[in-house]
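>>> 3D, please:
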Amino acid sequence: MSTTVDHAHGHDHAHDDHHPHGWRRWLYATNHKDIGTLYLWFSFCMLLTGGVLALGIRAELFQPGLQLFKPEFFNQLTTMHGLIMVFGAIMPAFVGFANWMIPLQIGAADMAFARMNNFSFWLLPPAAILLVSSFLVPGGATAAGWTLYAPLSSQMGIGMDMGIFAMHIMGASSIMGSINIVTTILNMRAPGMTLMKMPMFAWTWLITAYLLIAVMPVLAGAITMTLTDRHFGTSFFNAAGGGDPVMYQHIFWFFGHPEVYIMILPAFGIISQIIPAFARKTLFGYASMVYATSSIAILSFIVWAHHMFATGMPVTSQLFFMYATMLIAVPTGVKVFNWIATMWKGSMTFETPMLFAIGFVFVFTMGGFTGLILAITPVDIQLQDTYYVVAHFHYVLVAGSLFALFAGFYYWGPKWTGFMYNEARGKFHFWASLITFNVTFFPMHFLGLAGMPRRYADYAAQFTDFNMIASIGAFGFGLSQVYFLFAVVLPSIRGGEKAAAKPWDGAEGLEWTVPSPAPFHTFEVPPTVK
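Take a look at the predicted model:
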């Protein structure tokens, strides 16, 4: 912010409240970059917290029998791992990226509502403390699974109430953040920046923000009904009082399915910016990418009951949800083919952001295929609640959302910190993550096909070998992220090689301010190539 002078009083504002220092800079932060940084640090702390819980799960499952934990505590670990990763790690990380990049990409001075932006962030740490400290109360954290299904949710202790309260607060944060993003994108674009000239990341976040505004109140309704069932004598989900536990599933998944797209659409946006930069070509099929993203968002509202094939719904409903789910594969496939077409005959180089982007396309596509398999009703009824489902959604969420976040950090990090990360260490982080991820989650497909149920602390002896492999991989994956923190993130913040104005030499630059408009069609040779 430039120095402002109040001419009436000759007062220089440069060093008073507009530039607080020390802790005040962060507590009272109203500029989008500081708030983006806060979100990113918060989400990384939650990633490590959720990761420790996951390693507890994998340590217990290293061999059959009960080694470390009672089954009740094991179920608390699985539940809290899911809640912390979804609401504490992935979602806030993408909001951090949105805060940092959207104003820069659309040529806005800042986000639309600066103080609301501050409030959105500062709701999260108290919510996270509430969620994590539920381990310490009598009865421990909720063990109802991250979906908090009735009737389990009505039998849990005070930890369940703490979880409900935490999710209400996080939901309020998400809604405010989304209102801010929508308003910023619709009202604050630079002159000449039409919607169809925006970078893909801005587009995916615009669509994601609408999804969040639509479905977070649905989650709030589901957990509020759970709360009144627990403490105020209602029977929304209690069959003895005329309620229906399956109704909870309908309400939860009407939120939950769009939620999984909320966690992947911003990733699509990041990948859609990185691949063109390192292929040195414009994105193939910009308009089709925008329409595909919008179709995914709309379809995400009409597929929720594919999570419920085993609840005894009528065959007509099963058919509808099966076909609607398979339909989502079409726009998703359009995106994957566009990414591949962008790389086709490009002058590609393989710096760390590009490695993570290509890794994303490869492994996310595998997760997409297993999702297509699970969409087929008779197959899903067999595989429901087995490790096949665990493998599927980790391929989409870890190799999807998380890899895209890493790619985005390596790509935009030099602009954020002013320093280049160490390329060799970045590549090591990529290969370590990719290999250990697959070692961890690929065997889970076999476990699920062989019938091993999820959320169990013990298992039959025939599943031992694959579980051992998965547990070893999980500890490797966890260590890779600790390496990322100490060998990549901290050194690139402290200093090192200064980043150039356009760190990716010869690439399209960072689309860091207003980018060039998309070409009318994608068959032109880019101007840089003769």
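>>> residue ranges with poor pLDDT in the stretch 401-530 of the chain?
Residues of the stretch 401-530 of the chain meeting the criterion pLDDT under 70: 505-530.
>>> go again using 90 as the cut-off
495-530 (pLDDT under 90).
>>> packing partners of the helix or strand containing Trp26?
Trp26 belongs to helix 23-27 when assigned by DSSP states H and E. If contacts are counted by 3 or more Cβ pairs under 8 Å, 6 or more residues apart in numbering; DSSP states H and E, helix 23-27 sits against helix 32-60. For every residue, glycine as well, the C-beta is placed using N, CA and C.
>>> packing partners of the helix it packs on?
Short answer (3+ Cβ pairs under 8 Å, 6+ apart): helix 32-60 packs on helix 23-27, helix 71-83, helix 91-106, helix 114-122, helix 124-132, helix 403-417, helix 464-483.
>>> deepest-packed of those helices, please.
Among the helices and strands packed on helix 32-60, helix 91-106 has the highest mean neighbour count (mean count of other Cβ atoms under 10 Å), at a mean of 26.
>>> that one vs helix 403-417, what angle?
Using axes from the mean of the first three to the mean of the last three Cα atoms, to 10 degrees, the inter-axis angle of helix 91-106 relative to helix 403-417 is 50 degrees.
>>> packing partners for helix 91-106?
So helix 91-106, by 3+ Cβ pairs under 8 Å, 6+ apart, packs with helix 32-60, helix 158-187, helix 200-231, helix 265-279, helix 403-417.
>>> quick one, what contacts the residue nearest to Met167 when sequence neighbours are not counted?
Closest residue to Met167 apart from its sequence neighbours, by Cβ to Cβ, 6 or more residues apart in numbering: Ile223 at 5.8 Å. The contact partners of Ile223, taken as Cβ atoms under 8 Å, 6 or more residues apart in numbering, are Leu148, Ile164, Met167, His168.
>>> from Thr142, how far off is the closest residue to the last one other than its chain neighbours?
In other words, His168. In space, and not counting its chain neighbours, His168 is closest to Ala220: 6.1 Å by Cβ to Cβ, 6+ apart. Plainly put, Ala220 is 17 Å away from Thr142 if you go by Cβ to Cβ, to the nearest Å.
>>> tell me where the model's unsure across the stretch 101-250 of the chain.
Scanning the stretch 101-250 of the chain for pLDDT under 90 picks out 140, 155-156, 192.
>>> distance check, Met101 against Thr194.
19 Å.
>>> go on, His81?
43 Å.
>>> what helix or strand is the residue lying closest to Gly82 once chain neighbours are set aside on?
For Gly82, ignoring the flanking residues on the chain, the nearest one in space by Cβ to Cβ, 6+ apart is Trp146 at 2.8 Å. Assigned by DSSP H and E, Trp146 belongs to no helix or strand.
>>> out of the helices and strands packed on helix 91-106, flag the one nearest Gly478.
Nearest of the helices and strands packed on helix 91-106 to Gly478, taken as Cβ to Cβ: helix 32-60 at 5.2 Å.
>>> re the thing from before, which one of the helices and strands packed on helix 91-106 is the most hemmed in?
Highest mean neighbour count among those (mean count of other Cβ under 10 Å): helix 265-279, a mean of 27.
>>> buried residues of the next helix or strand after it, list them for me.
Following helix 265-279 in sequence order, the next helix or strand is helix 286-299 (DSSP H and E). The neighbour-count check on helix 286-299 (16 or more other Cβ atoms under 10 Å) flags Tyr286, Ser288, Met289, Val290, Ala292, Thr293, Ser294, Ser295, Ile296, Ala297, Leu299 as buried.
>>> need the residues you listed in JSON lines (columns: pLDDT and distance to His307).
As requested, the buried residues of helix 286-299 are exported to JSON lines (pLDDT from 0 to 100; distance: Cβ to Cβ, whole Å):
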{"residue": "Tyr286", "pLDDT": "95", "distance to His307": "33"}
{"residue": "Ser288", "pLDDT": "96", "distance to His307": "29"}
{"residue": "Met289", "pLDDT": "96", "distance to His307": "27"}
{"residue": "Val290", "pLDDT": "97", "distance to His307": "28"}
{"residue": "Ala292", "pLDDT": "97", "distance to His307": "23"}
{"residue": "Thr293", "pLDDT": "97", "distance to His307": "22"}
{"residue": "Ser294", "pLDDT": "97", "distance to His307": "23"}
{"residue": "Ser295", "pLDDT": "97", "distance to His307": "20"}
{"residue": "Ile296", "pLDDT": "97", "distance to His307": "17"}
{"residue": "Ala297", "pLDDT": "97", "distance to His307": "18"}
{"residue": "Leu299", "pLDDT": "96", "distance to His307": "15"}
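>>> nearest to Gly36, of the residues you listed?
Thr293 (22.0 Å).
>>> ok, that closest one - contacts?
Thr293 touches Trp203, Thr204, Ile207, Leu265, Phe268, Pro331, Lys335, counting by Cβ under 8 Å, 6+ apart.
>>> save those as TSV, and put in distance to Pro314 too.
Output for these, formatted as TSV (distance: Cβ to Cβ, whole Å):
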residue	distance to Pro314
Trp203	38
Thr204	35
Ile207	32
Leu265	31
Phe268	34
Pro331	28
Lys335	33
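>>> looking at those residues, which one is closest to Ala487?
Nearest member of the contacts of Thr293 to Ala487, counting by Cβ to Cβ, is Phe268, at 28.2 Å.
>>> over to the residue nearest to Gly476 when sequence neighbours are not counted: give its phi and psi.
When the adjacent residues along the chain are set aside, Gly476 lies closest to Thr436, with 3.6 Å between them (Cβ to Cβ, 6+ apart). The phi and psi values for Thr436, taken as degrees, to the nearest 10, are phi -70, psi -30.
>>> before we move on, back to that, now render the helices and strands packed on helix 32-60 as JSON lines, adding distance to Phe364.
Compiled in JSON lines, the helices and strands packed on helix 32-60 are given as follows (distance: least, Cβ to Cβ, whole Å):
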{"stretch": "helix 23-27", "distance to Phe364": "34"}
{"stretch": "helix 71-83", "distance to Phe364": "20"}
{"stretch": "helix 91-106", "distance to Phe364": "15"}
{"stretch": "helix 114-122", "distance to Phe364": "28"}
{"stretch": "helix 124-132", "distance to Phe364": "26"}
{"stretch": "helix 403-417", "distance to Phe364": "8"}
{"stretch": "helix 464-483", "distance to Phe364": "17"}
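>>> right, and those helices - which one's nearest Gly159?
helix 71-83 (7.7 Å).
>>> what does that closest one contact?
The contact list for helix 71-83, computed with Cβ under 8 Å, 6+ apart, reads 50, 53-54, 56-57, 60, 69, 131-132, 134-135, 140-146, 148, 159, 163, 166-167, 454-458.
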